[in-house]
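**Q** sharing a sequence plus its predicted fold:
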Amino acid sequence: MPVTEKTYIQTLPRHHRIIVFVDESVSEELLRNIMQANLHVWGGRYNPIVPVNENSISKEWIDLIKDYDPDFIYYSNKIHVEFLKGLNLFNPKEYIAFDNKDSRIYFPGLNIHNLLHVNVYDRFTTQKTTLLEYRGKWDMPLLAKKFYQLNLGLTPLYVGEDKWTSKYELISIDEKNSSQINKLIFEHRPYFKTNLSAIHIKSISPNSKNYFDFDKFQWIVYDSRNYLSNLLYFWNRQLYIEPNNRINQVVATIDEMDELLNDPFFEPLVYSLCHNNQAFLVSIGMASGNLEEMRKKMQTKCNNVRVFSESVSLFPFETNGFNFVTSKFIKPSKSLIIGKSDFLRIPTLTFEGGDLIDDGPYAIDILIEKDTKDDHKEIKFPYGTSLHHIALKGSTRINKSHRITFFLNREVQVVDFSIPDDLEIIRSVLNYREKQTELLQLPMAYIDLSPAGQKLSAFYNLFERDWATIKSFLEEKFWVQLFMYDSSIKKSPVKSGKGVFSYQDLVKEVTALTEKYRDQIVERLNKRAEQVVDEDIIKRIIERDIKETFQYYIDSDLSYLIKRGGLFIGMKVSCDMCGSNRWYSLTELSDKIKCKGCNNITMPNLTSKIYYKVSDIIINNLLSDQTKNSKQFDGNYVVLKTLLYLKNTYERSGSSSFLWCGPLGYGTQSKGDNWASDFDIVVILNGELILGEAKSQSKDFTVDEIEHLAWAANNLLPDKIIVACDSGNLDPIVEKVQEKITNTSCKVISYNASAPWYHFNGLFGLGD
């Protein structure tokens, strides 16, 4: 990469994202511990908890979580990790098992107290932040104690956490005042720390088709014999609600409800929690009569709050797309790297309080964008790309957007960052892949550009590495035929010139083409005029079209090709000794030159005309065997057309990353079965690795090539295998490759190269 090239790096800090899978036999105590562990870390309130029944997950739960992008997946040890990996939904850094014992759970993340500040927003708009703090012994008696722990975050501080809370006004709950807790909550309107785990989120929020009025405050009640569905509802309902820094639901057992209802300050508690003086008592599985009876008891205690009851029949709700949720406070930073590498400064992570965070772990998403004219500026990586030697050192993963997620803490301030080129990335993913904490070495002995790859690279550079320009020439039948010294005209000077032609030859060619397609041109003119057009008018229109064809198309393209070295200017000089009439470049011409036919001295004469010669770089990429009389599309023509197809198909879909290299030669190091072969198509498209083979005709695919493509699909972990040709039916080839593939995440696709046509005035759209 030239040192003058610029690359922009965008970094955005965020919390760790986690999905927790629990076996349906998980105990009530452990499930509550999992929830409280999530409530103790930044972003934890939006970490889904998903039930698994005998290594099976219902469709409703799959629909809810399939678009999440977890950094870590935790699962209870009764669940088979291979089952979770086999879902092919996620690309986490690691899968981590935890015991099914009722023990305390810890999740990696930034302590929620880092998000505290003196003016932390809450819906009560209090003048100062007041915190509800547990200050008694661990075994301090408190009615409905677990209710306050899970819903309001009333748990003893860990060692050292008071460094964050000591600066705030505290409602300290201890043995002396624990019976007054609801009265104190009502009087002081504290900020509930469970909300800290739900602010400054970077995640997604599912939309529900069965909208269950998420503005409602719900009080979920359950019988401990039916704890699983109710606790999972309590936790995962929050996923549908975008962060609003207030409590949207609380959960209590029937026993806890009985204890709370006996508190004379129960109504102040409900009034402090509910929205718009309304509370909705809900449950899954509780008989409607029992639920209504409890609602009545609750209503008799709440004169200033209207209490309703509702049953939840189905959860998760049917999902109807997702909203991306981001924090307006935490904004991305952009850095510029000039050249190949530089130090990337990590922006300091602070929240509204402005204090430096604790050294707890968090993540940074990194977007890399090249400063190019191409629409595909971004560099995206296949899953499992090993970044250690090509981009940066440290703990990383490739996230669902195929960008880099970097795991770090406050101590990391700068990172030595490199900008890999396309070939470096491709070589890396064909040699190594990371699978969670394991580095897999793929069975490749060597990888390098093949001769065809070198030719294609030269072709790409000749056209200024501009795919739009390459596309314009390869889709124009006039230029494709000229480059291949072929023609639709029987006695064409372009065909006989074999890559050497004069300007007059081009005029004759276009004139002959208009004559060949004259009937279609006239039919089009008559249809447009809605009458038979006079013959003289037709003649003038065709003459005008020919003139404008050169004025607006051919002349400018000729100038571009000459400037770029795609065409060379020279003369044809006839030898008086041997009669040969050869082309000589301007640099070869002088008053006396050596004849290329007989080696004698000859000289140009006044009748010698200017002739152009097509560069071998162009010819070598379109004709693999220039001695053949047939002009089938060969060489790299189908490769180029396939690359353009892939690039432009995904461009229309809004994707933004296209990495590629020319055809690669490779050698394998499979046990007992080594061979050398090549890939015609090597592309990383929006983070997906695509390998493939291109032929002039579908019948050219051999048994060995089909075997090699299937081997590549099974051993090199591509996302797609592509087979391409200019003519013929590729369906049987796709079937043969697909049936040999055991890698279920790899799909075989095909492409039949589209035929070029004329884009000139009058001839537009013709030429099939």
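**A** Perfect, I can see it now. Numbering: from 1, shown residues only.

**Q** please, where are all the helices along the stretch 451-600 of the chain?
**A** Using DSSP state H, counting those that start in this stretch, the helices found in the stretch 451-600 of the chain span residues 451-462, 467-474, 477-483, 493-497, 503-516, 518-529, 535-549, 555-564.

**Q** and the first one, C-alpha only, in PDB?
**A** As requested, C-alpha coordinates have been extracted for helix 451-462 and formatted as PDB (Å, rounded to 0.1, in the frame of the first residue of the first chain):
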ATOM      1  CA  PRO A 451       0.000 -16.400 -13.900                       C
ATOM      2  CA  ALA A 452      -3.700 -15.700 -14.600                       C
ATOM      3  CA  GLY A 453      -3.700 -13.700 -11.300                       C
ATOM      4  CA  GLN A 454      -0.700 -11.700 -12.400                       C
ATOM      5  CA  LYS A 455      -2.400 -10.900 -15.700                       C
ATOM      6  CA  LEU A 456      -5.600  -9.800 -14.000                       C
ATOM      7  CA  SER A 457      -3.700  -7.600 -11.600                       C
ATOM      8  CA  ALA A 458      -2.000  -5.900 -14.500                       C
ATOM      9  CA  PHE A 459      -5.400  -5.400 -16.200                       C
ATOM     10  CA  TYR A 460      -6.900  -3.900 -13.000                       C
ATOM     11  CA  ASN A 461      -4.000  -1.500 -12.700                       C
ATOM     12  CA  LEU A 462      -4.200  -0.500 -16.400                       C
END
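
**Q** how many other residues sit next to residue 306?
**A** Residues near residue 306, counting by other CB atoms under 10 Å, number 12. In this view, the C-beta of every residue, glycine as well, is placed from N, C-alpha and C.

**Q** oh sorry, the question was meant for residue 638
**A** 26.

**Q** now the helices for the stretch 201-350 of the chain?
**A** Assigned by DSSP H, counting those that start in this stretch, the stretch 201-350 of the chain shows helices spanning 227-236, 254-261, 266-273, 288-301.

**Q** out of those, nearest to residue 662?
**A** helix 227-236 (49.1 Å; CB to CB).

**Q** what's the mean pLDDT across that closest one?
**A** Mean pLDDT, helix 227-236: 96.

**Q** ditto for stretch 378-396
**A** 94.

**Q** can you tell me the number of residues neighbouring the closest residue to residue 406 other than its chain neighbours?
**A** Spatial nearest neighbour of residue 406, chain neighbours left out: residue 364 (4.7 Å); criterion: CB to CB, 6 or more residues apart in numbering. For residue 364, the neighbour count with other CB under 10 Å is 22.

**Q** against which helices or strands is the helix or strand hosting residue 364 packed?
**A** Element membership for residue 364, per DSSP states H and E: strand 362-370. Applying 3 or more CB pairs under 8 Å, 6 or more residues apart in numbering; DSSP states H and E, we find strand 362-370 packed against strand 6-14, strand 378-379, strand 404-408.

**Q** ok and it relative to strand 6-14, angle-wise?
**A** Strand 362-370 and strand 6-14 are oriented at 160 degrees to each other (axes from the mean of the first three to the mean of the last three CA atoms, to 10 degrees).

**Q** for strand 362-370, buried residues please.
**A** By neighbour count on 16 or more other CB atoms under 10 Å, the buried set for strand 362-370 is 362-370.

**Q** include distance to residue 279 and pLDDT when you put those into TSV, please.
**A** Formatted as TSV, the buried residues of strand 362-370 follow (distance: CB to CB, whole Å; pLDDT from 0 to 100):
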residue	distance to residue 279	pLDDT
362	36	96
363	37	96
364	41	96
365	39	97
366	44	97
367	44	96
368	49	96
369	49	93
370	55	91
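
**Q** which of those sits closest to residue 664?
**A** For those, the nearest to residue 664 is residue 370 (21.8 Å; CB to CB).

**Q** run a quick neighbour tally on the residue nearest to the closest one when sequence neighbours are not counted.
**A** The shortest distance from residue 370 to any non-neighbouring residue, by CB to CB, 6+ apart, is to residue 377 (5.0 Å). Residue 377 has 16 neighbours, counted by other CB under 10 Å.

**Q** so residue 377 makes contact with residue 656?
**A** Yes. Judged on CB atoms under 8 Å, residue 377 makes contact with residue 656 at a distance of 6.7 Å.

**Q** what do those two both touch?
**A** Contact with both residue 377 and residue 656 is made by no residue, according to CB atoms under 8 Å, 6 or more residues apart in numbering.

**Q** and the chain, what are its domain boundaries?
**A** Split into domains by automatic domain parsing, the chain comes to 6-14+332-437, 465-622, 637-752.

**Q** can you give me phi and psi for residue 602?
**A** Dihedral pair for residue 602: phi -140, psi 180, per degrees, to the nearest 10.

**Q** I'd say it and residue 581 touch.
**A** No. Because the distance of 10.6 Å does not satisfy CB under 8 Å, residue 602 is recorded as not touching residue 581.

**Q** just name the closest of the buried residues of strand 362-370 to residue 247, please.
**A** Nearest to residue 247 out of those is residue 362 (CB to CB; 24.5 Å).

**Q** isn't the closest one right up against residue 41?
**A** No. Using CB under 8 Å, residue 362 is not in contact with residue 41; the gap is 9.5 Å.

**Q** for residue 68, see how far away residue 35 is.
**A** From residue 35 over to residue 68 the distance is 17 Å, taken as CB to CB, to the nearest Å.

**Q** meant to ask about residue 667
**A** With distances taken as CB to CB, residue 667 is found 40 Å from residue 68.

**Q** cool, and residue 8?
**A** Distance from residue 8 to residue 68, by CB to CB: 28 Å.

**Q** which of the two has more residues huddled nearby?
**A** Taking neighbours as other CB under 10 Å, residue 8 and residue 68 compare with residue 68 leading, 21 against 15.

**Q** wait, isn't that one in contact with residue 205?
**A** No. If you go by CB under 8 Å, residue 68 and residue 205 don't touch, sitting 10.6 Å apart.
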